[in-house]
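Novice: I need the structure of the sequence given here:
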Amino acid sequence: MNYLYLLLDLGSLSIPFLFSFHPRLAFTKQWKPLSFGIFCSMVLYIPWDILFTQNEIWGFNSSYFLNVPLLSIPIEEWLFFICIPYACVFMHHSLIILFPKLKLEKKQVKVITGLLLTILIILCFMYYDKWYTLVNNVYAIFLLLVTIKWFPKILNTYFWTFMVMLIPFFIINGILTGSLIEDEVVWYNNLENLGIRLWTIPIEDSIYAFSLILSNLFFMEVYKRLFGKQVID
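Specialist: Coordinates of the predicted model:
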């Protein structure tokens, strides 16, 4: 089933794309900043992906993707960094519109951020020899610090919207890592991670997903600030 990865990409995009035109959500107004966010995030994540693939920290099962590699990684992996952020940012945006009162207080955001940073820093020192754990956590630490400094309002809502995103995350990423199918779409070298799985998902993937979507939201706000758009989230 060499089109499975492609189906997961397009399937995750399809419903959010269709509902983007809903007049109450009006997500089409976010397309320009989101395009900027996706582009900037890909500039960071694609080289990371290529280096980790070339060094066999993770890799891809050719049985589940089309034989169209681009710079050492499948074309579906490139699409992943477009389709998944689109779907997740759409969910973030929609939840804020539908539940406008669900926001964390500044003190709560500072406490949660402090706890996350503490845990991530400790893990960096404890597992500095595991590349996926280390790079993943170092980037999450940096991203949290710059977000809390420049766009703290993102975290007022993102901390709870991400908890909702974990539902589709476990479905999509679960399939990618071998749940409900015969083999893995994406395999991981357990010598370079903690070896702890949530279902079939390496625990580091939860931080990876957190940082990937937060990166898109961060760069969207950069776009809005650069081009004089009001920061909404």
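
Novice: who does the helix or strand of the chain with the lowest mean pLDDT pair up with?
Specialist: Lowest by mean pLDDT, DSSP states H and E among the helices and strands of the chain is strand 69-70, with a mean of 86. Within its sheet, strand 69-70 is paired with strand 73-74 (antiparallel), according to DSSP bridges.

Novice: next one: whichever helix or strand comes after the strand it pairs with to chain centre, how far?
Specialist: Later in the chain than strand 73-74, the nearest helix or strand by DSSP states H and E is helix 75-98. Helix 75-98 sits 8 Å away from the centroid of its parent chain (C-alpha atoms, centre = their mean, to the nearest Å).

Novice: check stretch 96-109 too.
Specialist: Centre-to-centre, stretch 96-109 and its host chain are 20 Å apart (C-alpha atoms, centre = their mean).

Novice: for the protein, which segments count as helices?
Specialist: 4-19, 31-54, 75-98, 106-126, 131-150, 152-176, 204-226 (DSSP state H).

Novice: mind putting those in CSV, mean pLDDT, distance to residue 62 and mean neighbour count included?
Specialist: From N, CA and C alone the C-beta is placed, and that goes for glycine too. Output for the helices of the chain, formatted as CSV (pLDDT from 0 to 100; distance: least, C-beta to C-beta, whole Å; neighbours: other C-beta atoms under 10 Å):
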stretch, mean pLDDT, distance to residue 62, mean neighbour count
helix 4-19, 95, 10, 16
helix 31-54, 97, 13, 17
helix 75-98, 97, 11, 20
helix 106-126, 96, 32, 14
helix 131-150, 97, 21, 18
helix 152-176, 94, 14, 18
helix 204-226, 97, 21, 21
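
Novice: what separates residue 193 from residue 208, distance-wise?
Specialist: Here the distance between residue 193 and residue 208 works out to 10 Å (C-beta to C-beta, to the nearest Å).
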